[in-house]
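> Show me the folded form of this:
(one chain, ligands or ions: 2)
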Amino acid sequence: MNVFEFCHTVLFSPSLEAKLLNPSLIDWSFDHTSHVPLPCPVQPSRPHNLRFSNEQPSFPRRKAFLDKAQRARALHFFANHELLAIEILATSVLIFPCFDGDESFLKTTIATLKDEQKHLKLYCTRMKELGMSFGELPVNDFFWDKMLKVESRDQFIALLSLTFESANLDFASYYEAIFHEVGDFKSAEIMREVYLDEISHVKTGVHWMNRWRGEDSLWNYYLKNLPEFVTPARSKGMTYLKEARLKAGLDEDFVAQLEQYTDEFRVTRRRQWDQEK
Ligand SMILES: [Fe+2]
Ligand SMILES: [Fe+2]
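Numbering: from 1, shown residues only. Ligands and ions are numbered 1, 2, ... in the order given. A predicted model of the protein is given here:
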């Protein structure tokens with residue numbers, strides 16, 4: 001199958017197996033410029049128990065991580081984020097034109113998708129060991145909802161790599177420490193693996209933004225390309241890991257500007273929120 005058929009299957013087959021379809025099945029000898037871009041679908045197809053829900057189960061508090069059922073619950077949230085990442089990566093391939101026939105952008109997108117599949121499997125396996133199956137809790141559409149506002153490849157990279165994956169550097173490291181604290185070393189190890197992969201995913205995003213930004217600074221180009229209702233505050237977690245961002249290739253100016261950035265949305269002021277709990 002070509003890369004578009006692959007992404008179509010991942011996005012529109014309502015089974016978890018299809019979401020985990022092996023990218024090695026892709027035949028890259030295909031004229032990518034002949035693909036007619038699709039409009040962004042209203043939502044991906046999913047198994048019944050993983051359809052987007054308006055119910056909002058609460059995320060466990062730090063102290064609750066001593067309880068293995070609560071740790072499984074946290075992993076359920078993380079697994080849904082991975083599934084959403086797989087779906088929005090597949091969507092980006094289908095909805096944006098491949099102007100120049102240069103397949104390297106498609107190839108880096110699929111390489112990231114493959115890592116997200118690995119993360120999803122790791123979370124599902126660990127969750128099962130802790131007594132929960134993926135789909136037992138209602139799942140939200142947060143990333144998908146933001147994806148509906150994305151109008152270009154530049155905006156897509158600004159949103160996924162430089163915002164959500166950048167924030168996940170902080171989150172993965174933060175939860176690695178919490179799992180460690182409660183003696184759940186297996187889960188801590190998964191968070192570590194996700195963190196290391198996330199550095200390379202942000203790096204891929206930086207690579208593309210640097211290719212496209214022209215004379216603009218990376219920070220300005222990022223600001224210009226953030227979709228509506230998303231601010232840079234979304235790209236930070238409860239802690240701010242400068243080193244991880246520099247390792248991912250974000251320049252000093254970008255890392256300093258982001259560190260100082262604040263906005264009016266309480267939901268993004270996670271540090272304070274976490275301390276209030
Ligand atoms: Fe991931
Ligand atoms: Fe990622």
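
> use CA for all of it now, contacts and neighbours both
Will do.

> three-state assignment of the residue nearest to residue 13 when sequence neighbours are not counted?
Among residues not flanking residue 13 along the chain, residue 45 sits closest, at 5.8 Å (C-alpha to C-alpha, 6 or more residues apart in numbering). Under the three-state scheme (DSSP: H, G, I helix; E, B strand; the rest coil), residue 45 adopts coil.

> pLDDT score for residue 45?
Listed pLDDT for residue 45 reads 95.

> correct me, but it touches residue 9?
No. Assessed by C-alpha atoms under 8 Å, residue 45 is found out of contact with residue 9, at 9.7 Å.

> where along this protein do the helices fall?
In the chain, helices defined by DSSP state H lie at 3-12, 16-19, 68-95, 104-129, 142-147, 153-159, 166-181, 185-212, 218-225, 242-247, 252-260, 270-276, listed in chain order.

> So what's the model's average confidence on the last one?
In this model, helix 270-276 carries a mean pLDDT of 46.

> likewise the fourth one?
On average, the pLDDT along helix 104-129 is 97.

> packing partners for that helix?
helix 68-95, helix 185-212 (3 or more C-alpha pairs under 8 Å, 6 or more residues apart in numbering; DSSP states H and E).

> can you put the ones you listed in a markdown table and add distance to residue 221?
Below are these laid out as a markdown table (distance: least, C-alpha to C-alpha, whole Å):
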| stretch | distance to residue 221 |
| --- | --- |
| helix 68-95 | 19 |
| helix 185-212 | 8 |
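
> tell me the most buried of the ones you listed?
When the helices and strands packed on helix 104-129 are scored by mean count of other C-alpha atoms under 10 Å, the highest mean neighbour count falls to helix 68-95 (a mean of 22).
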